[in-house]
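Novice: Below are the sequence and a predicted model for it; my questions follow.
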Amino acid sequence: MKRRNFLVQSSLFTAGALAMPQNIVAASQDKFISKRPSLADRKFVSEEVENVIKKVKLVIRDEEIAWLFENCFPNTLDTTIDYEIIDGNPDTFVITGDIDAMWLRDSTAQVWPYMSLISKDEKLKNLVKGLINRQVKCVLLDSYANAFYKDKTKISHWKSDQTQMLPGIHERKWEIDSLCYVVRLANEYYQITKDDSIFDEDWDNAMRLIVKTFKTEQRKNNESDYYFSRSTTSVIDSPPFGGTGRPVKANGLICSMFRPSDDSTMYPYLIPSNIFALLSLNQLSIIYRNVLDENEFATICEEMSEEVDVAVKKYAISEHLNYGEIYAYEVDGFGNKLFMDDANVPSLMSLAYLGAHKLTDDIYKNTRKFLLSENNPYFLKGEFAEGQGSPHTGKNKIWPMGIILRAMTSTDNEEIIKCLKMLKGTHAGTGFMHEGFNKDNPKEYGRDWFAWANTLFGELILKIYKENRSLLALKF
């Protein structure tokens, strides 16, 4: 099954759902029955997560929003976790949902909303520690791959892929953010727990390989031997020129052949991912200097972070006719720039969510205004919703993830309420988030089991609960 191409047709809906008014796509009051697996069938149970669900639901006035939160927030734990002890250490494999493989990006994002609870729940703490261990194994297997199998002997079903594929790898699409998420998880785990046992020899080797890969993909001397070519009818499923990507003019930025959507880049310098990388390099420099007392490598990370930062400011910021200085989405170093965004993380919209910008920073505010305007070709408006889409899902599908990130990066209560109303009105009665839905018909959606989107919705509600609780007392 293709990762992001599982289309659910209206024929799959129950007669009750089909009988709903055409201008309202929501579960009726008598349908708010938990969609979670039975307790015996859940993959992992955290008492702290269960306590949070009960506590937050008590203050949510809107029954449907409360139902969505109960279904979505624990979805990663309920359905995607494979946890065990291997060689005396915790090991956690996290599938993305409807595909039996683990993405480095998705797995970190899927457990991220639980991070604030790990100091209170030893089981949950070990789950995250196990995921760090598993991600290290993946990076050491191949730092260019984006998705892996738990079984290291398994051969990928992508038989037509022309690349240096190894057993145990599901897909080998080079995406900067895959490695950034590995750093992000380890850093956050340590900041919360101060457990430095994760920084073992394998972790150290993996981090040095990550930095080496970043340096190679700066392509200052055309030293990269990465290529990826797939037999496909989709022009965005494989980079051009034999899978090596379009030409770039070396300037300190890091090439990424693919976006977080797993689509190939148009111009290889993907700006949100480069900004994510400079954050990750800075985090590594602090860990190596302050925790591991490895000043030489810390300096290497710090200098590369500064180099990428300077290049981003020089090559990725342009004066827009209507919005002032904004970020381009992709550039090539020759002066060519692509202005759009992709409803994923990292994205330009998500820069404040990732911590790269404050919500009040002018460059971020200007960019955000552009992203939510008709000048962004992938900001879509339809009968049921408006929001960011992605070339990955065509010209008519809005991503719930984009709506969620819009709400998470907003300081406007009315905008947040608008986003919640759209999320409530477009889940097609399923009780879960999806990858994308038709802007004029939410019953036409992709991926009915997308754990990251589900858990991210839970993260949004939890953020509102902590920072703006009065909004949850409203009926949407």
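Specialist: Cool, the structure landed.
Novice: Would you map the helices across the stretch 1-150 of the chain?
Specialist: Per DSSP state H, counting those that start in this stretch, the stretch 1-150 of the chain carries helices over the ranges 15-18, 47-57, 63-72, 75-79, 104-111, 122-141.
Novice: To residue 408, which of these lies closest?
Specialist: Smallest distance to residue 408 across the helices of the stretch 1-150 of the chain (Cβ to Cβ): 12.7 Å, for helix 104-111. For every residue, glycine as well, the C-beta is placed using N, CA and C.
Novice: residues in contact with the residue nearest the centre of the chain?
Specialist: Geometric centre of the chain, nearest residue: residue 345, 4.1 Å, by Cα atoms, centre = their mean. Contact partners of residue 345, counting by Cβ atoms under 8 Å, 6 or more residues apart in numbering, are 105, 109, 177, 260, 353, 354, 401, 405.
Novice: Which one of these is nearest to residue 307?
Specialist: residue 177 (18.4 Å).
Novice: Now the closest residue in space to that closest one that isn't next to it in sequence: which helix or strand?
Specialist: Distances taken as Cβ to Cβ, 6 or more residues apart in numbering put residue 273 closest to residue 177, at 4.8 Å, once the chain neighbours are dropped. Assessed by DSSP states H and E, residue 273 sits inside helix 271-290.
Novice: What would whatever helix or strand comes next after that helix look like as PDB? C-alpha coordinates only.
Specialist: Next along the chain after helix 271-290, taking DSSP H and E as the criterion, comes helix 295-315. Extracted in PDB, the C-alpha atoms of helix 295-315 (Å, rounded to 0.1, in the frame of the first residue of the first chain):
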ATOM      1  CA  ASN A 295      34.500  20.400  22.900                       C
ATOM      2  CA  GLU A 296      36.000  19.600  19.500                       C
ATOM      3  CA  PHE A 297      32.900  18.000  18.100                       C
ATOM      4  CA  ALA A 298      30.700  20.600  19.900                       C
ATOM      5  CA  THR A 299      32.600  23.300  17.900                       C
ATOM      6  CA  ILE A 300      32.000  21.500  14.600                       C
ATOM      7  CA  CYS A 301      28.300  21.400  15.300                       C
ATOM      8  CA  GLU A 302      28.100  25.000  16.400                       C
ATOM      9  CA  GLU A 303      30.100  26.300  13.400                       C
ATOM     10  CA  MET A 304      27.900  24.400  11.000                       C
ATOM     11  CA  SER A 305      24.700  25.700  12.700                       C
ATOM     12  CA  GLU A 306      26.000  29.200  12.300                       C
ATOM     13  CA  GLU A 307      27.000  28.600   8.600                       C
ATOM     14  CA  VAL A 308      23.500  27.300   7.800                       C
ATOM     15  CA  ASP A 309      21.900  30.200   9.700                       C
ATOM     16  CA  VAL A 310      23.900  32.800   7.700                       C
ATOM     17  CA  ALA A 311      23.000  31.100   4.400                       C
ATOM     18  CA  VAL A 312      19.300  30.900   5.300                       C
ATOM     19  CA  LYS A 313      19.300  34.700   6.000                       C
ATOM     20  CA  LYS A 314      21.200  35.500   2.800                       C
ATOM     21  CA  TYR A 315      19.500  33.200   0.300                       C
END
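Novice: what comes up buried for helix 295-315?
Specialist: For helix 295-315, burial by neighbour count (16 or more other Cβ atoms under 10 Å) applies to 297-298, 300-302, 304-305, 307-309, 311-312, 315.
Novice: next one: stretch 203-211
Specialist: Across stretch 203-211, burial judged by 16+ other Cβ under 10 Å covers 203, 206, 207, 208, 209, 210, 211.
Novice: of the contacts of residue 345, closest to residue 46?
Specialist: Once Cβ to Cβ is applied, the member of these that ends up nearest residue 46 is residue 109, at 17.3 Å.
Novice: tell me the contacts of the closest one?
Specialist: Per Cβ under 8 Å, 6+ apart, neighbours of residue 109: 181, 345, 452, 455, 456.
Novice: And the pLDDT at it?
Specialist: pLDDT recorded at residue 109 is 98.
Novice: Ok, residue 63 next?
Specialist: 97.
Novice: start at 20 instead
Specialist: Renumbered: residue one is now 20, and that last one reads residue 82.
Novice: picking that back up, who wins for proximity to residue 287 among the helices of the stretch 20-169 of the chain?
Specialist: When these are compared by Cβ to Cβ, helix 123-130 sits nearest residue 287, at 18.2 Å.
Novice: any idea how far that closest one is from the chain center?
Specialist: Taking Cα atoms, centre = their mean, to the nearest Å, one finds helix 123-130 lying 7 Å from the centre of the chain it belongs to.
Novice: just stretch 272-286 next, same as before
Specialist: On Cα atoms, centre = their mean, the centre of stretch 272-286 falls 14 Å from the chain's centre.
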